[in-house]
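K.L.:
okay, here's the prediction I keep looking at, along with the sequence it came from:
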Amino acid sequence: MKRLSVVLAVLVVLIAGISCMASQQITDSHRQAAEELLVAMGMERTLEESINSNLSMQLQQMPQLAQYEDVMRAFLYKYMSWEYLKEHIVQLYAEEFTEQELREITAFYRTETGKKLIELTPVLMQKGMAIGQKAVEEHLPELQQMILQKMQEANSGQ
């Protein structure tokens with residue numbers, strides 16, 4: 001009897017969740033608002049720059065791949081391009097923001113301050129990553145010591 005009650009409770013929750021998801025249908029105008037935001041953000045350019053910087057970083061880290069750069073570039077442009085990812089990203093933004101929120105964010109990105117943010121975001125991200133990398137490098141001996149201690153504890157427990 002108790003097991004049946006649990007099963008019924010789970011079914012009720014599942015049905016409620018499904019009906020809730022169904023009520024959150026994304027309208028064409030909502031989808032369009034998401035796409036307009038992504039265009040205002042320069043998402044197509046951002047993806048292209050991301051492909052180029054990721055490929056460049058990979059080739060720096062593994063120079064032996066340089067002979068395959070054309071193959072890697074073609075692959076990345078095939079699966080990381082705006083054309084390929086656009087619908088997925090539009091869907092993501094439409095699910096996370098209301099249509100009104102999307103329109104407000106788009107309006108911001110069309111201002112001079114919003115345009116400046118778009119322009120500076122890659123630089124800020126790069127500088128932020130450099131700050132994080134420097135912090136880790138400065139404290140690498142501490143991490144190594146912690147790992148060594150954990151290894152010793154594991155070995156002494158055997």
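P.N.:
Everything's here; your move.
K.L.:
which residues of the chain score low on pLDDT?
P.N.:
1-24, 158 (pLDDT under 70).
K.L.:
please redo it, this time with the cut-off set to 80
P.N.:
Along the chain, the model assigns pLDDT under 80 to residues 1-24, 157-158.
K.L.:
what ranges do the helices span in it?
P.N.:
2-23, 28-40, 43-61, 69-79, 82-96, 99-109, 112-138, 140-156 (DSSP state H).
K.L.:
send me stretch 26-39 as CSV with only the CA atoms.
P.N.:
Output of stretch 26-39 as CSV, limited to C-alpha atoms (Å, rounded to 0.1, in the frame of the first residue of the first chain):
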residue,chain,number,x,y,z
ILE,A,26,8.1,29.4,-26.6
THR,A,27,6.3,31.7,-29.0
ASP,A,28,7.7,32.9,-32.3
SER,A,29,8.0,36.4,-30.9
HIS,A,30,9.9,35.1,-27.9
ARG,A,31,12.2,33.1,-30.1
GLN,A,32,12.7,36.2,-32.3
ALA,A,33,13.5,38.3,-29.2
ALA,A,34,16.2,35.8,-28.2
GLU,A,35,17.7,35.9,-31.7
GLU,A,36,17.7,39.7,-31.8
LEU,A,37,19.6,39.7,-28.5
LEU,A,38,22.2,37.3,-29.8
VAL,A,39,22.6,39.4,-32.9
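K.L.:
residue contacts, the closest residue to E95 other than its chain neighbours?
P.N.:
Once flanking residues are discounted, E95 sits nearest to I26: 7.2 Å by CB to CB, 6 or more residues apart in numbering. Quick note: C-beta positions are derived from backbone N, CA and C, even for glycine. For I26, the contact set (CB atoms under 8 Å, 6 or more residues apart in numbering) comprises Q91, A94, E95.
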